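# Quick one, what's the 3D model for this:
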Amino acid sequence: MQKLQFTKTEMIEKKNHKTARYPNLNTVLMVEDFLKEHRDMPMNVSEIKA
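Below is the predicted model:
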């Protein structure tokens, strides 16, 4: 049986004996912003064109 649990930072999906964790959009954006501020190289090919 599938069970979903939502927390502040992620969604947890439990199926039988397997657990999958998915970060929510705010967490992804926060990490992306952090990486953009602390990087030496562009993250995307489209950012190289600028």
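
# what distance separates the helix or strand harbouring Leu29 from the centre of its chain?
Per DSSP states H and E, Leu29 falls inside helix 25-37. Remark: helix 25-37 is offset 8 Å from the chain centroid, using Cα atoms, centre = their mean, to the nearest Å.

# what's the spacing between the most centrally placed residue in the chain and Phe34?
Of all residues in the chain, the one closest to the mean position by Cα atoms, centre = their mean is Val28, 3.6 Å from it. Distance of Val28 to Phe34, computed by Cβ to Cβ, to the nearest Å: 11 Å. Quick note: C-beta positions are derived from backbone N, CA and C, even for glycine.

# Contacts for the host helix or strand of Glu13 next, please.
In the assignment (DSSP H and E), Glu13 maps to strand 10-15. By Cβ atoms under 8 Å, 6 or more residues apart in numbering, the surrounding residues in contact with strand 10-15 are 1-6, 19-24, 27.

# do the same with stretch 20-38
6, 8-14, 43.

# burial of Ile12, as a residue count?
13 (other Cβ atoms under 10 Å).

# and what of Asn24?
Residues near Asn24, counting by other Cβ under 10 Å: 14.

# count of neighbours near Lys14?
14.

# Equivalent analysis for Arg21, please.
12.

# Now it: which helix or strand?
Going by DSSP H and E, Arg21 is part of strand 18-23.

# Tell me how far that strand lies from the chain's centre.
On the basis of Cα atoms, centre = their mean, strand 18-23 sits 11 Å off its chain's mean C-alpha point.

# Tell me the spacing between Lys18 and Lys3.
Counting by Cβ to Cβ, the gap from Lys18 to Lys3 is 11 Å.

# which of those two has more neighbours?
Lys3 (10 against 7).

# So in terms of bridging, what pairs with the more buried one?
Lys14 (DSSP bridges).

# bridging residues for Glu10?
Pro23.

# okay, now it: neighbour count?
14.

# how close does it sit to Thr19?
For Glu10 relative to Thr19 (Cβ to Cβ), the value is 11 Å.
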